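>>> Coordinates only, no sequence provided:
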C-alpha cells in the first residue's frame, strides 16, 4: 500500500519546509509514504527547497498553470508512480499534516474512496464573520446541487483512493474543489469527511484577489460543472421559467380580448409567443445536452479503462525489468562462481 502526499506549490520557499517536516513518515496500514511536489512555475527557491528536504518526486511546470491544472497533473503523476492513496494538501501550511492518518482511515477501511477535511470554518479565528457566512452558504449550495453531505466544500486537504483518482477528470481552470465533489456524486464515488483544525495563516491567499472574485469564480465553476453533468435539469428549469412568462403574457392578451380590449394589447401575444418558442428551444437544447452527456459518460468510462490498462502495463514492465535485473545478477554470480572454481 503506497501513499503519496502531493503538494501543489507556487513560490512557497518560506512555508514548504514547515509542511514537509510535519508529514508523517510512517502510517499504520501503509507500507510507504512518499511526497510529490508540483512546482507550478515558481520563480523563487521552491524547487531547491524541495530537493534539500529530499522530496521523493518533483513535477515542474515551466510556466504557472494554476491550481486546478497542478492538482490534475499531480494526480496523474501519482497514479503513474503506483499510488494506492493520494493525499492533497496546500504548501502554505494551512492544514495539519499530522491528521493524514485519520484522513485516510475511511479509505483504508473501505467505507469511502474520497475524504475531505472539514476545517470547521465557524471556529477559524482569522476568518471574518462575512467570510464564515459566505463559506457556509457556498458549501450549502454545493451540497444541495451535488446531493453530497460535505460540510466544507472548498477544503483542499483531501484523500483519494486509486479508484477515485482514476475516475476524476478536471476540466475547470480555477479550482478543482467543487468540480471533484460534483463528479464524485455523479459517478457514485463514496465521500466521507473528518473534522480538523487549521494552523495560523502564513500568508494571504494567492488563488483570488478578494472575496468577491472568489465568489464569482466559484459560482461560475459550479454552474459550468453542474450544467455539464445535469444539462437536462438546468435547461428544463430555464426553459420552464421563460415558457411560464410567455404563457402568462398570452393569458393576459386573451383576458383583455374577452373584455373587448384585445387590439390595445397585441404586444402581449407577440411577447408571449416569442417566449414560449424560446422556452421550447431551450428545453430541446437540454435534451441534446443530456444525450451528449450520455456520450461523455461512455467516453469517460473508456478513458478510465485506458488509464487503468496503461498504468497496469507500466507496473508490469517495472516488475518484469526487476525480474530481468535479478536474473542477470544471479547469472553473473553463477558465472563468477564457475570462474573461481
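Received, thanks. From a predicted model like this one, the values you see are computed outputs, not experimental measurements. Numbering: from 1, shown residues only.

>>> Spell out the residue ranges of the helices in the stretch 101-250 of the chain.
For the stretch 101-250 of the chain, the helices defined by DSSP state H, counting those that start in this stretch cover 129-146, 162-167, 177-186, 211-229, 231-258.

>>> Please produce TSV containing those, extended by mean neighbour count and mean pLDDT.
Backbone N, C-alpha and C define where each C-beta goes, glycine included. TSV is the format used below for the helices of the stretch 101-250 of the chain (neighbours: other C-beta atoms under 10 Å; pLDDT from 0 to 100):
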stretch	mean neighbour count	mean pLDDT
helix 129-146	16	83
helix 162-167	20	92
helix 177-186	24	89
helix 211-229	16	79
helix 231-258	16	91
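
>>> now those helices in JSON lines, with distance to residue 298?
Output for these, formatted as JSON lines (distance: least, C-beta to C-beta, whole Å):
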{"stretch": "helix 129-146", "distance to residue 298": "22"}
{"stretch": "helix 162-167", "distance to residue 298": "14"}
{"stretch": "helix 177-186", "distance to residue 298": "14"}
{"stretch": "helix 211-229", "distance to residue 298": "14"}
{"stretch": "helix 231-258", "distance to residue 298": "16"}
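
>>> Ok, which of those comes nearest residue 311?
Taking C-beta to C-beta, helix 162-167 is the member of the helices of the stretch 101-250 of the chain nearest to residue 311, at 8.1 Å.

>>> Distance from that closest one to the middle of the chain?
12 Å (C-alpha atoms, centre = their mean, to the nearest Å).

>>> just stretch 184-196 next, same as before
Chain-centre distance of stretch 184-196: 11 Å, with C-alpha atoms, centre = their mean.

>>> Stretch 40-53 now?
24 Å.

>>> mean confidence for it?
Averaged across stretch 40-53, the pLDDT comes to 93.

>>> Contacts for that stretch next, please.
With contact meaning C-beta atoms under 8 Å, 6 or more residues apart in numbering, stretch 40-53 is reached by 8-13, 16-17, 20-21, 37, 39, 58, 60-67, 69-70, 91.

>>> buried stuff in stretch 75-86?
In terms of neighbour count (16 or more other C-beta atoms under 10 Å), stretch 75-86 has its buried residues at 75, 76, 77, 78, 79, 81, 83, 84, 85, 86.

>>> Grab the nearest non-local neighbour of the first one.
The reference is to residue 75. Once flanking residues are discounted, residue 75 sits nearest to residue 165: 5.2 Å by C-beta to C-beta, 6 or more residues apart in numbering.

>>> so the one you found makes contact with residue 80?
No - if you go by C-beta atoms under 8 Å, residue 165 and residue 80 don't touch, sitting 11.0 Å apart.

>>> mind listing the strands for the stretch 1-150 of the chain?
Here the stretch 1-150 of the chain has its strands, by DSSP state E, counting those that start in this stretch, at 2-9, 32-40, 57-61, 85-88, 114-118.

>>> Most tightly packed of those?
Of all these, strand 85-88 carries the top mean neighbour count, a mean of 27, counting by mean count of other C-beta atoms under 10 Å.
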